[in-house]
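1. quick one, fold the following:
(one chain, ligands or ions: 1)
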Amino acid sequence: MNDMDGAIPLLIPDLPKTDELIPWLQQIDQNQYYSNFGPLVQQFEQAVKTEIPGISAEHHVVSCSSGTAALELMLQALALPVGSKVLVPSYTFIATGLAVLNAGYLPIFADVCDKSWSLTPSIAAKYLLEDDIAAIVPVCTYGAYQDTAAWLEFSQQTSLPIIFDAANAFAVQDIAPNVHACFSLHATKAFGIGEGGLIATTSEVLANQVRRLSSFGLSTDGLSQQPSHNYKLSEYHAAVAHARLQTWSQKKDQLMSLNAYYRRQLAPIDAVILQSLSQETISQVFPIRINDIDQRENLKSTLSAENIEYRHYYAPCLHRHPVFFPYMDEGIEPIVADHLSQSVLCIPFHLHLSDKQLNKLFRTIAKAFDI
Ligand SMILES: Cc1ncc(COP(=O)(O)O)c(C=O)c1O
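-> Numbers count the residues shown, from 1 in each chain. Below is the predicted model:
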């Protein structure tokens with residue numbers, strides 16, 4: 001499959017097939033509910049709790065229309081003063097910074113750790129000395145786990161709310177009091193349903209507020225108190241989510257063994273650096289870092305010559321996107337983030353790769369490094 005012309009695509013999304021969807025679509029026919037927190041949405045929010053590590057029955061999961069919407073809703077639910085400064089890593093997808101702006105706050109772009117490629121509590125602490133930061137959005141870069149215990153301690157010491165952008169870290173990232181997580185269910189993600197997002201929090205108050213803000217801000221009295229949205233998940237997307245849940249445990253295992261296989265294949269190549277903690281990820285992306293520019297360019301041209309797709313995600317970093325220029329101050333230069341945006345590239349990684357394609361991929365990489 002997909003190797004008719006020898007091309008190897010970076011990603012083929014893995015979503016339920018029509019047959020798997022039919023029983024759930026039939027439930028929609030019977031329920032005659034299509035949106036507005038219908039039964040499939042409500043059941044999914046409960047059922048998915050088993051997949052979020054450390055979440056218990058009294059914690060809260062709220063669905064919405066995308067991962068970006070999840071971030072925006074959670075940030076808005078915090079009800080920080082308009083224009084509050086929110087620390088985000090510069091090495092991330094544009095959505096992280098846009099969500100902060102759209103929620104009415106100012107993003108402050110932080111550098112990231114050279115090993116984990118993520119914003120850590122010790123890096124965040126430096127920015128707190130320079131700026132009046134009101135909240136922090138650490139990213140689970142390429143789906144890598146953020147240290148919840150360390151962030152909980154940081155939050156307790158600083159009283160700052162923490163929202164993990166865990167877009168790529170479904171089934172990996174956990175939460176704690178005042179340490180919330182937002183997941184993406186976009187088609188490209190490991191648990192893809194087309195478009196969708198989830199918010200996980202220990203706070204009932206914030207969960208209720210997020211739900212309200214996702215539906216025009218309307219309270220039971222029919223009044224809306226603050227600028228809000230229509231960011232609800234439809235019953236059709238919830239149908240896909242239920243079907244996805246049924247095969248998820250098997251898919252999760254397959255992604256984890258593929259990850260282990262990639263690590264074994266790449267281990268002999270000293271020039272290929274992997275993100276720390278990446279062995280724990282369950283994501284449909286496999287990033288590798290090559291610091292030497294000549295080796296990197298050689299790898300890229302060797303992959304292209306063999307029709308193997310690759311991509312530099314998060315390039316350029318957020319502080320280089322013009323949309324943010326009007327809001328940016330002088331600050332600590334995100335030097336590591338800039339370097340990662342050039343030195344990290346993602347190679348094909350998904351469950352539709354045949355053995356033949358995998359052999360070709362690793363033969364080509366070895367050739368590029370003269371191994
Ligand atoms: C780090 C990060 N944050 C946020 C998002 C946005 O998620 P969505 O596409 O579901 O809005 C993505 C999606 O690609 C992402 O990778």
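
2. tell me which strands whichever strand or helix holds residue 198 pairs with, and in which orientation.
-> Using DSSP states H and E, residue 198 sits in strand 197-201. Here strand 197-201 is paired, per DSSP bridges, with strand 60-64 (antiparallel), strand 179-184 (antiparallel).

3. need the winner for burial among those.
-> Stretch with highest mean neighbour count among those: strand 179-184 (a mean of 30; mean count of other C-beta atoms under 10 Å). In short, each C-beta sits where N, CA and C put it, glycine included.

4. using PDB, write out every CA atom in that one.
-> What follows is strand 179-184, C-alpha atoms only, in PDB (Å, rounded to 0.1, in the frame of the first residue of the first chain):
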ATOM      1  CA  VAL A 179      -2.200  22.200  36.300                       C
ATOM      2  CA  HIS A 180      -4.600  21.600  33.400                       C
ATOM      3  CA  ALA A 181      -4.200  19.900  30.000                       C
ATOM      4  CA  CYS A 182      -5.600  20.500  26.500                       C
ATOM      5  CA  PHE A 183      -5.500  17.800  23.900                       C
ATOM      6  CA  SER A 184      -6.000  17.900  20.100                       C
END
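
5. pLDDT on that strand, on average?
-> Across strand 179-184, pLDDT averages out at 98.

6. so what secondary structure elements neighbour the helix or strand containing residue 212?
-> Taking DSSP H and E as the criterion, residue 212 maps to helix 204-213. The criterion is 3 or more C-beta pairs under 8 Å, 6 or more residues apart in numbering; DSSP states H and E, and the helices and strands that helix 204-213 contacts are strand 60-64, helix 67-77, strand 197-201.

7. what sits closest to residue 111 if chain neighbours are left out?
-> Counting by C-beta to C-beta, 6 or more residues apart in numbering, residue 111 lies nearest to residue 334, which is 4.1 Å off, once chain neighbours are set aside.

8. show me what from the stretch 51-200 of the chain comes close to the ligand.
-> Contact residues (C-beta under 6 Å from any ligand atom) of the stretch 51-200 of the chain with the ligand: 66-68, 92-93, 95-96, 139, 165, 167-168, 184, 186, 197.

9. next, count neighbours for the residue nearest to residue 111.
-> As a burial measure, residue 334 scores 23 neighbours (other C-beta atoms under 10 Å).

10. quick one, what contacts it?
-> 89, 90, 91, 109, 110, 111, 112, 317, 319 (C-beta atoms under 8 Å, 6 or more residues apart in numbering).

11. got the domain ranges for this protein?
-> Domain ranges of the chain: 18-242, 245-368, per automatic domain parsing.

12. just name the most buried of these.
-> Of all those, domain 18-242 has the most neighbours on average by mean count of other C-beta under 10 Å, namely a mean of 20.

13. what does the average pLDDT come to for the strand holding residue 198?
-> On average, the pLDDT along strand 197-201 is 98.
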